[in-house]
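got a structure for you, letters missing:
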């Protein structure tokens, strides 16, 4: 027995990786994430709709469990998990996301406010009538190609024979590998009018087509405010659309009016609504506005209704501008009209999409009428044979009675072979020799029932033959005359427009840029308080003066600051976080305050505060930084005059952390104290000036696991002392040494 030697093929690893990744990327792009320009559907959507069509879940039939649809689709066509199929089914049923819902959902299919759909075992679905008539019609007429499914046990359509530009009407979104698509929905009536205009005149430009489609038509309504920029968006297929919600003022009693948001930007669908409400609350809490008294979300299945109760004599226009500027009530929809065209991903303009759609319509109708013409020609052949047979029915009966078997009778009918057939007369035999029916005609004659010889039946046959001839003429005209085909397409589009069209919901206009000037806050000095638990607040100076002793005992950090200023928090991780004073609650002494975590990037679970100060005072000082591993440096406070909420204040080596930040005034010496009881005193001028990102220099030699625990800045001749073993140690009496020495262990 011969053995085959193992062959080792040497190749470049990077080439294999590159090829494999490209194959994977194209698979995701073509087979998962991007829609086909012809039917506007992604594969999972196409397979789900086709499966519902195959299961007979039509618009006029009973609803079926979503779990049944999902399971059948996954088992036959889409083996990528049930969640992706159910998600696609849910989205196709949501009329607040789609310009034209393709699935009729029964049960909880989610809401515009972001509520998720119920589990698939609880919901039911069926096809919408519009889906059957415009997306799935003519599937039985061989108008599109079919391909094997993933295990080659079923056939599935490569594309559905959509008769309307579903890609434009419903829009789409999808993230592939290295590319993404995001297309807004449009108005069905306008899209159909644009398609009709293009069919009549393919030379129309994008600008001409936009006379029919002025812009997107979002199911949530709203106002598109950058009309002048839309032409470039629709020519290139890429750009930005600015959308605003719609606000209405409702007059109330006593000058207390209500500002009602009745339409929202399309981008706000889902959790965006709760985020919008949260943003309004934040504006009230931060005192950016005092005009809003109460907020209530009264939205229902009938539409959006978010009510803002206003105080008397509120500045409504300024409030509107603030909402548009400070919240997502004005937002941007990023357009990227990417779709699969001719088997590859392509960014398409408006005219390109319509061109592909019209070409596809002509293609599927050509295939449809070629198949119908073939069927009519076959019918014509049989009908002519039966009509002719009726004229010589006596002869045919004589042939049938005189033949030994069907084969002999058919040979006589087709070729005039009379051998073996018994005739009543020579004339009959001679007439039989002249018969020349076709195979199909002969089979039809042999299968004909005697009841077909009744006079009325013959009349019906003649009438049917006349209809067949008319159909043949019609189909031939459609296939040979492009104008006739175009007239038919336009007629069908008019029918869809009449039955399924609706009024535009989104207004298209050019609006001026929002100008909102925040009301200037009256500057005032307040007292900043932070307790040992990290709760902070501000109070007025007079309150502090009246309760100084109590406040000093209950709080860790206390200093005056302007209400327009910023508080700096230095932490052991080497970061400085800033907090706007306006973000802190201002009020009564007994108010608890707010955790500093809530108004800054500081995280109490991973950081601890080592120094807190006023930024305005900080930038006027020179600071001394000290770490537990005895790294020291001087930094000018101006280094920290930044707009960022957090910035690295010092560099730290592994295992090190910041233990103190000290403003330097007229101090001359520094004393370092370690856990093991070592003290080192040296002059501050030995510490170099560094940038905020530097780690500094070593201040003291540490032995073993010893570390610096305390740092003291002292003046010459001062009487500063520290407690040590139950007695006071006067720091000025320590011997002055040099930086980067071991120091002296002070015995108790």
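Cool, the structure landed. Just so it is clear, the structure is predicted and the values come from calculations on it, not from any experiment.

pull the longest helix from the chain.
Counting by DSSP state H, the longest helix found in the chain is helix 350-391.

which elements pack onto the helix or strand just after it?
Next along the chain after helix 350-391, taking DSSP states H and E as the criterion, comes helix 393-402. Counting contacts by 3 or more Cβ pairs under 8 Å, 6 or more residues apart in numbering; DSSP states H and E, helix 393-402 packs against helix 406-415, helix 426-433. (C-beta placed from N, C-alpha, C; glycine too.)

and helix 393-402, average pLDDT?
The average pLDDT for helix 393-402 rounds to 81.

just to revisit the earlier point, among the helices and strands packed on helix 393-402, show me which one is buried the most.
Burial of the helices and strands packed on helix 393-402 is given as mean neighbour count (mean count of other Cβ atoms under 10 Å); helix 406-415 ranks first at a mean of 18.

returning to what we had before: can you tell me which of the helices and strands packed on helix 393-402 is nearest to residue 675?
Among the helices and strands packed on helix 393-402, helix 406-415 comes nearest to residue 675, with 113.7 Å by Cβ to Cβ.

what is that closest one packed up against?
Against helix 406-415 (3+ Cβ pairs under 8 Å, 6+ apart) you get helix 393-402, helix 439-447.

what would the ones you listed look like in JSON lines with mean neighbour count and distance to residue 521?
Below are those laid out as JSON lines (neighbours: other Cβ atoms under 10 Å; distance: least, Cβ to Cβ, whole Å):
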{"stretch": "helix 393-402", "mean neighbour count": "17", "distance to residue 521": "106"}
{"stretch": "helix 439-447", "mean neighbour count": "16", "distance to residue 521": "93"}
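
how about those helices, which one is nearest residue 117?
Taking the helices and strands packed on helix 406-415 one by one with Cβ to Cβ, helix 439-447 is closest: 54.0 Å.

residue 640: neighbour count?
20 (other Cβ atoms under 10 Å).

surely it is in contact with residue 568?
Yes - with contact defined as Cβ atoms under 8 Å, residue 640 reaches residue 568; the gap is 6.7 Å.

who touches both of these two?
Residues touching both residue 640 and residue 568 by Cβ atoms under 8 Å, 6 or more residues apart in numbering: 576, 615, 618.

wait, the last one touches residue 640, no?
Yes - taking contact to mean Cβ under 8 Å, the distance of 5.9 Å between residue 618 and residue 640 places them in contact.

okay, and the common contacts of those two?
Counting by Cβ under 8 Å, 6+ apart, the common neighbours of residue 618 and residue 640 are residue 568.

what about stretch 305-318, how long is it end to end?
End-to-end span of stretch 305-318 (Cα to Cα, to the nearest Å): 21 Å.

and it, which residues are buried?
306, 307, 308, 309, 310, 314, 318 (16 or more other Cβ atoms under 10 Å).

hmm, who's touching it?
By Cβ under 8 Å, 6+ apart, the residues outside stretch 305-318 that reach it are 249, 254-262, 264, 273, 276-277, 280, 290-299, 319, 516.

any weak-confidence spans in the stretch 201-350 of the chain?
Of all residues in the stretch 201-350 of the chain, none has pLDDT under 70.

now the strands for it?
223-224, 238-244, 246-250, 258-263, 292-297, 306-310, 330-336, 338-341, 344-347 (DSSP state E, counting those that start in this stretch).

from the chain's centroid, how far away is stretch 276-292?
27 Å (Cα atoms, centre = their mean, to the nearest Å).

mind putting the buried residues of stretch 305-318 into a markdown table with distance to residue 224?
Listed next are those as a markdown table, based on distance: Cβ to Cβ, whole Å:
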| residue | distance to residue 224 |
| --- | --- |
| 306 | 20 |
| 307 | 25 |
| 308 | 23 |
| 309 | 29 |
| 310 | 27 |
| 314 | 28 |
| 318 | 24 |
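
domain ranges for the protein?
Domain assignment for the chain by automatic domain parsing gives 41-161, 246-328, 365-499, 520-618, 657-748.

now these in JSON lines, with distance to residue 345?
Formatted as JSON lines, these follow (distance: least, Cβ to Cβ, whole Å):
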{"stretch": "domain 41-161", "distance to residue 345": "12"}
{"stretch": "domain 246-328", "distance to residue 345": "24"}
{"stretch": "domain 365-499", "distance to residue 345": "26"}
{"stretch": "domain 520-618", "distance to residue 345": "40"}
{"stretch": "domain 657-748", "distance to residue 345": "45"}
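
helices of the stretch 151-300 of the chain, start to end?
Assigned by DSSP state H, counting those that start in this stretch, the stretch 151-300 of the chain shows helices spanning 166-170, 188-200, 206-209, 230-236, 271-285.

so which bits of the second one are buried?
When you say that, I think you mean helix 188-200. With burial defined by 16+ other Cβ under 10 Å, the residues of helix 188-200 counted as buried are 188, 189, 190, 191, 192, 193, 194, 195, 196, 197, 198, 199.

out of these, which one sits closest to residue 528?
Distance to residue 528 across the buried residues of helix 188-200 (Cβ to Cβ) is lowest for residue 190, with 58.9 Å.

give me the pLDDT value at that closest one.
The model reports residue 190 with a pLDDT of 96.

what's the most buried one of the helices of the stretch 151-300 of the chain?
helix 166-170 (a mean of 27).

which stretches of the protein have low pLDDT?
Across the chain (using pLDDT under 70), the flagged ranges come out as 1-5, 19-32, 176-178, 450-456, 516-520, 748.

contact partners for the nearest residue to residue 594 once chain neighbours are set aside?
Counting by Cβ to Cβ, 6 or more residues apart in numbering, residue 594 lies nearest to residue 585, which is 5.6 Å off, once chain neighbours are set aside. Going by Cβ under 8 Å, 6+ apart, residue 585 touches 537, 538, 591, 593, 594.
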